[in-house]
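Visitor: sequence below, structure please.
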Amino acid sequence: MSEKVKPYKDSDLNKKEQVTKMFDTISKEYDGLNRVISFGIDIKWRNRVVDIVRKTNPKQILDIATGTGDLAISMADTSAEKIIGLDISPGMLEVGEEKIKAKNLSDKIEMVVGDSEDMPFADNTFDAITVAFGVRNFMNLEKGLEEILRILKPGGLFVILETSVPTKPVYKQGYSFYSKYILPTIGKVFSKDRSAYKYLSESASKFPFGEALNNIIRQIGFINVEDHPQTFGVATIYTASKA
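Guide: Predicted coordinates for the structure are as follows:
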């Protein structure tokens, strides 16, 4: 039995409003900056998530914190009949809808404005649920995970892709320097919201990862919880299922 872990909650009571405003502000530049900040490796990470999801042959997929829809669009290459991308930021979804329309995927992918902690879906709705770089923005992590468990079908797959901190000293030091100095500098140069990328850096460094996050996911009621570090541990893919 794993040791009891205290629920992770952000101390900022206005986090939802601030996150929504922040992503609305940077929505037009988000995709381009993502490629620059990650050196394009985020595409490879998302493709690995798609490969994991594809193996389960899902019919109904929900992508939470879908942003501009990168992962939802990539999952159109699975057996899914319907993909829903949910996000709290209308600005991000607007960009995503333009991308979906350009790829003629509007019949397959639907974008929905919604709160990950109070989603407008019935119990046991989705065969697979994904969250890429979004769980650390939940105001109450446990509540968000409970909602995901509620709407996931029994036997369904849950996949998280999230930033993490390398554990080997040499990689950890390099990651710390990059996230503390380089990432915010890129944000200042290229972004309209200079504070946004400082927030993204700080939130990543504070968020639980690896076994700490595994334990929280297990305590919610998920089973078969595993973590798979990516690229020296700067990101991690977590997989779990519902009994």
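
Visitor: what bridges to the spatially most central residue of the chain?
Guide: With distances taken as Cα atoms, centre = their mean, residue 132 lies nearest the centre of the chain, 2.3 Å away. Residue 132 has these beta-bridge partners by DSSP bridges: residue 161.

Visitor: residue 68 is in contact with that one, correct?
Guide: No: if you go by Cβ atoms under 8 Å, residue 132 and residue 68 don't touch, sitting 11.1 Å apart. The C-beta positions use only the backbone N, C-alpha and C, and glycine is treated the same way.

Visitor: for the two, list the residues in contact with both.
Guide: Contact with both residue 132 and residue 68 is made by no residue, according to Cβ atoms under 8 Å, 6 or more residues apart in numbering.

Visitor: one step back: separation between the residue nearest to the centre of the chain and residue 20?
Guide: For residue 132, the distance to residue 20 (Cβ to Cβ, to the nearest Å) stands at 18 Å.

Visitor: on that earlier part again, OK, contacts around the residue nearest to the centre of the chain?
Guide: Counting by Cβ under 8 Å, 6+ apart, residue 132 makes contact with 45, 46, 49, 63, 65, 67, 70, 71, 160, 161, 162.

Visitor: can you do 10 Å?
Guide: Residues counted as contacts of residue 132 (Cβ atoms under 10 Å, 6 or more residues apart in numbering) are 42, 45-46, 49, 63-67, 70-72, 74, 159-162, 235, 237.

Visitor: before we move on, what about residue 203?
Guide: The neighbours of residue 203, taking Cβ under 10 Å, 6+ apart as the test, are 10, 15, 19, 136, 137, 163.

Visitor: pLDDT value on the nearest residue to the fifth one once chain neighbours are set aside, please?
Guide: Among residues not flanking residue 137 along the chain, residue 19 sits closest, at 5.1 Å (Cβ to Cβ, 6 or more residues apart in numbering). At residue 19 the predicted local confidence, pLDDT, stands at 79.

Visitor: what kind of secondary structure is residue 19 in?
Guide: Classification of residue 19 using DSSP: H, G, I helix; E, B strand; the rest coil returns helix.

Visitor: what about it, neighbour count?
Guide: 22 (other Cβ atoms under 10 Å).

Visitor: surely it meets residue 67?
Guide: No: contact criterion Cβ atoms under 10 Å: residue 19 and residue 67 do not qualify, at 11.4 Å.
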